[in-house]
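*Asks:* here's my sequence, what's the structure:
(one chain, ligands or ions: 2)
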Amino acid sequence: MPSLIDKIWDAHVVLREPGRPALLYVDRHLVHEVTSPQAFQGLRLAGRRVRRPDLTFAVCDHVVPTDSRQRPLADQVAETQLAALEQNAAQFGVTFFGMEDPRQGVIHVVMAEQGVILPGATVFCGDSHTATHGAFGALAFGVGTSEVEHILATQTLAQAKPKSMAVRFVGQLPAGLSAKDMALAFIGQVGAAGGTGHLVEYMGPAVEALSMEGRMTLCNMSVECGAKAGLVAPDQTTFDYLQGRPFAPKGADWDEAVACWRALKSDADAVFDAEVVVDLSGLEPQVTWGINPGQATGLSGRVPDPAAMADPEQQRAAIKALAYMGLEPGQKIADLAVDYVFIGSCTNGRIQDLRAAAAVVKGRKVAPGVTALVVPGSGLVRAQAEAEGLDRVFIEAGFQWRLAGCSMCLAMNPDVLPSGKRCASTSNRNFEDRQGRGGRTHLCSPATAAASAIAGRLADARTL
Ligand SMILES: CC(C)[C@H](C(=O)O)[C@@H](O)C(=O)O
Ligand code: SF4
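*Replies:* Ligands and ions are numbered 1, 2, ... in the order given. Next up, the predicted model:
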């Protein structure tokens, strides 16, 4: 009867009191420079220590430049945040991947890659895209800075249990499409608030067929429909990915862990508060035209006409989106010229994403006038890509090959999308001013972003 979500939840409740949120044990606490300084300061002022430094993992990612690692950082605020994290990690004794560490990168890429995230675990971080880690069958979501402090001090989190939602993908994902297209199709179907207050479990053969990288992309985007988290039940794909990673269990511990993890699935008669079916048959590569991730369509589509929308709220949102995006109703999506292309982020900055993009780019050139960036999600992804020669493919085509970080996913570092410029981006949010004040974001898959860089307009990699 219990779902995967119920099983993980129940296994972590350390205190249940009537009328109060449950107190959950925290297995992994991830920390980055933006949401942790005040939390550590709170601890310091109260004379507390970090309760479980061995379960606390920190990395700097949002503010680090991706073209140079020179200190002090040119941006004073960024330098202060970075220095604070370095000092806090040292003083409180938590594991820290510093800016010079070859393993540094976007927190959600790094921690997964290091084997920090395990099936059935609770994983929290002061960052909404913590949802990424649901890919391992972990219960993972973002928390606020005051909760970061609470977790640092107690290794617990007070949380009322959210509702549950089953998202069943049916039909076969067409060749050339990826997890990003699945995520955008789902969010396009339910809307940017369609999952509000829910923990989602993704299921169906297309999900089972995804690599861990693909599952991370899918779970990463959960928060873009308002859901708190998204999970995929662990299976052999998960175990194969984890085995041998630095922080994963070893030897007899590994065997014992896998035996437990195999039980981590929803019972056949599990009940969910909501169920959604997404049909993948005939799906086209997805791209957003608006300013929330639910405003998505297929690449052969047209910019919608707000006048034709029945729902007044949707209509208002579309009018606002078109004005910000500089679009006219009825324009063909594939006619939209791009100025920038950004391939990276915790959504699509992993090795498989870079391989997919490189396969499209190989032997071709970036269109004149297009600024195109590839930003590996971590130093290790970068090294792997270089070992495979992907850096050469990108550089020869005219892409910039950068160091790891959040980069142009959001404008907290020097990689800023200029005002009025249009960008095909593999990141997860297309909110106003997200990539830079006045910047216009079109979310898409790595293959679509790569094809768009070559074509100089939003383009389908399958027919490039
Ligand atoms: C800065 C951080 C708190 C934020 C988040 O919570 O997601 C960022 O990572 C983002 O993607 O907008
Ligand atoms: S890559 Fe983007 S979405 Fe991911 S943590 Fe960084 S800023 Fe947030």
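*Asks:* quick one: the helices in the stretch 251-400 of the chain, in order.
*Replies:* 251-261, 312-325, 345-348, 351-361, 379-387, 390-397 (DSSP state H, counting those that start in this stretch).
*Asks:* for those, which one sits closest to ligand 1?
*Replies:* Comparison of the helices of the stretch 251-400 of the chain against ligand 1 by Cβ to the nearest ligand atom identifies helix 345-348 as nearest, at 7.7 Å. C-betas here are computed from N, CA, C, even on glycine.
*Asks:* for that closest one, packing partners?
*Replies:* Judged by 3 or more Cβ pairs under 8 Å, 6 or more residues apart in numbering; DSSP states H and E, the packing partners of helix 345-348 are helix 107-113, helix 212-220.
*Asks:* and the next helix or strand past the first one?
*Replies:* In this case it means helix 107-113. Sequence order places strand 122-125 as the next helix or strand after helix 107-113, per DSSP states H and E.
*Asks:* partner strands of that next one and their direction?
*Replies:* Its sheet considered, strand 122-125 pairs with strand 28-31 (parallel), strand 139-142 (parallel) by DSSP bridges.
*Asks:* may I have the first one exported as CSV, CA atoms only?
*Replies:* The C-alpha atoms that make up strand 28-31 are tabulated as CSV, following Å, rounded to 0.1, in the frame of the first residue of the first chain:
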residue,chain,number,x,y,z
ARG,A,28,22.6,14.4,3.6
HIS,A,29,22.9,18.2,4.0
LEU,A,30,24.3,20.1,1.0
VAL,A,31,25.5,23.6,1.4
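*Asks:* quick one: whichever helix or strand comes after it to chain centroid distance?
*Replies:* Later in the chain than strand 28-31, the nearest helix or strand by DSSP H and E is helix 37-46. Put simply, helix 37-46 sits 28 Å off its chain's centre (Cα atoms, centre = their mean, to the nearest Å).
*Asks:* what strands line up against the next helix-or-strand element following helix 37-46, and which way round?
*Replies:* Proceeding N to C from helix 37-46, the next assigned helix or strand is strand 56-59, under DSSP H and E. Here strand 56-59 is paired, per DSSP bridges, with strand 28-31 (parallel), strand 95-97 (parallel).
*Asks:* which residues touch the longest one?
*Replies:* In this structure, residues lying in contact with strand 28-31 by Cβ atoms under 8 Å, 6 or more residues apart in numbering are 52, 55-59, 85, 89, 94, 107-108, 111, 116-118, 121-127, 130, 138, 148, 151-152, 155.
*Asks:* in it, what's buried?
*Replies:* Using 16 or more other Cβ atoms under 10 Å as the test for burial, strand 28-31 gives 28-31.
*Asks:* the strands in the stretch 101-250 of the chain, which residues?
*Replies:* All strands of the stretch 101-250 of the chain, identified by DSSP state E, counting those that start in this stretch, fall at 122-125, 139-142, 156-159, 163-170, 198-203, 229-231.
*Asks:* packing partners for the longest one?
*Replies:* The elements that strand 163-170 packs onto, with contact taken as 3+ Cβ pairs under 8 Å, 6+ apart, are helix 179-190, strand 198-203, helix 205-208, strand 274-279.
*Asks:* of all those, which lies closest to Gly244?
*Replies:* When the helices and strands packed on strand 163-170 are compared by Cβ to Cβ, helix 205-208 sits nearest Gly244, at 22.4 Å.
*Asks:* from the middle of its chain, how far away would the closest one be?
*Replies:* Worked out by Cα atoms, centre = their mean, helix 205-208 lies 19 Å from the chain centre.
*Asks:* show me how far stretch 302-316 is from its chain's centre.
*Replies:* The chain centroid and the centroid of stretch 302-316 are separated by 29 Å under Cα atoms, centre = their mean.
*Asks:* ends of it, what's the gap?
*Replies:* Terminal residues of stretch 302-316 are spaced 18 Å apart (Cα to Cα, to the nearest Å).
*Asks:* pull out the buried residues from it.
*Replies:* Within stretch 302-316, judged by 16+ other Cβ under 10 Å, the buried ones are 302-304, 306, 315.
*Asks:* save the residues you listed as a markdown table, and put in pLDDT and distance to Met408 too.
*Replies:* Shown next, in a markdown table, are these (pLDDT from 0 to 100; distance: Cβ to Cβ, whole Å):
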| residue | pLDDT | distance to Met408 |
| --- | --- | --- |
| Arg302 | 98 | 27 |
| Val303 | 98 | 23 |
| Pro304 | 98 | 26 |
| Pro306 | 98 | 29 |
| Gln315 | 97 | 31 |
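*Asks:* mind putting these into JSON lines with distance to ligand 1?
*Replies:* Putting the buried residues of stretch 302-316 into JSON lines (distance: Cβ to the nearest ligand atom, whole Å) gives the following:
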{"residue": "Arg302", "distance to ligand 1": "29"}
{"residue": "Val303", "distance to ligand 1": "26"}
{"residue": "Pro304", "distance to ligand 1": "26"}
{"residue": "Pro306", "distance to ligand 1": "27"}
{"residue": "Gln315", "distance to ligand 1": "27"}
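*Asks:* max pairwise distance over those: which two?
*Replies:* Farthest apart among these by Cβ to Cβ are Arg302 and Gln315. That separation is 16.4 Å.
*Asks:* nearest spatial neighbour of Gln189, chain-adjacent residues omitted?
*Replies:* Spatial nearest neighbour of Gln189, excluding adjacent residues (Cβ to Cβ, 6 or more residues apart in numbering): Val278 at 6.0 Å.
*Asks:* residues near the residue of the stretch 101-250 of the chain found nearest ligand 1, how many?
*Replies:* Ranking the residues of the stretch 101-250 of the chain by distance to ligand 1 (Cβ to the nearest ligand atom) places Ser128 first, at 3.6 Å. Neighbourhood size, Ser128 [other Cβ atoms under 10 Å]: 17.
*Asks:* now do the contacts for it.
*Replies:* Contacts of Ser128 by Cβ under 8 Å, 6+ apart are 141-142, 223.
*Asks:* return the residues of this protein in contact with ligand 2.
*Replies:* Within reach of ligand 2 by Cβ under 6 Å from any ligand atom, the chain has these residues: 61-62, 106, 127, 129, 345-346, 406, 409-410, 427-428.
*Asks:* hmm, Pro162 and Ala274 touching each other?
*Replies:* No - assessed by Cβ atoms under 8 Å, Ala274 is found out of contact with Pro162, at 11.2 Å.
*Asks:* turn the residues of the chain next to ligand 2 into TSV, columns for pLDDT and neighbour count.
*Replies:* Shown next, in TSV, are the residues of the chain next to ligand 2 (pLDDT from 0 to 100; neighbours: other Cβ atoms under 10 Å):
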residue	pLDDT	neighbour count
Asp61	98	28
His62	98	21
Val106	98	31
Asp127	98	25
His129	98	28
Ser345	98	28
Cys346	98	28
Cys406	98	29
Cys409	98	29
Leu410	97	21
Ser427	98	28
Asn428	98	29
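*Asks:* pipe the helices and strands packed on helix 345-348 into TSV and attach mean pLDDT per row.
*Replies:* Below are the helices and strands packed on helix 345-348 laid out as TSV (pLDDT from 0 to 100):
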stretch	mean pLDDT
helix 107-113	98
helix 212-220	98
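*Asks:* CSV for these, including distance to Phe394 and mean neighbour count?
*Replies:* Formatted as CSV, those follow (distance: least, Cβ to Cβ, whole Å; neighbours: other Cβ atoms under 10 Å):
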stretch, distance to Phe394, mean neighbour count
helix 107-113, 18, 28
helix 212-220, 18, 28
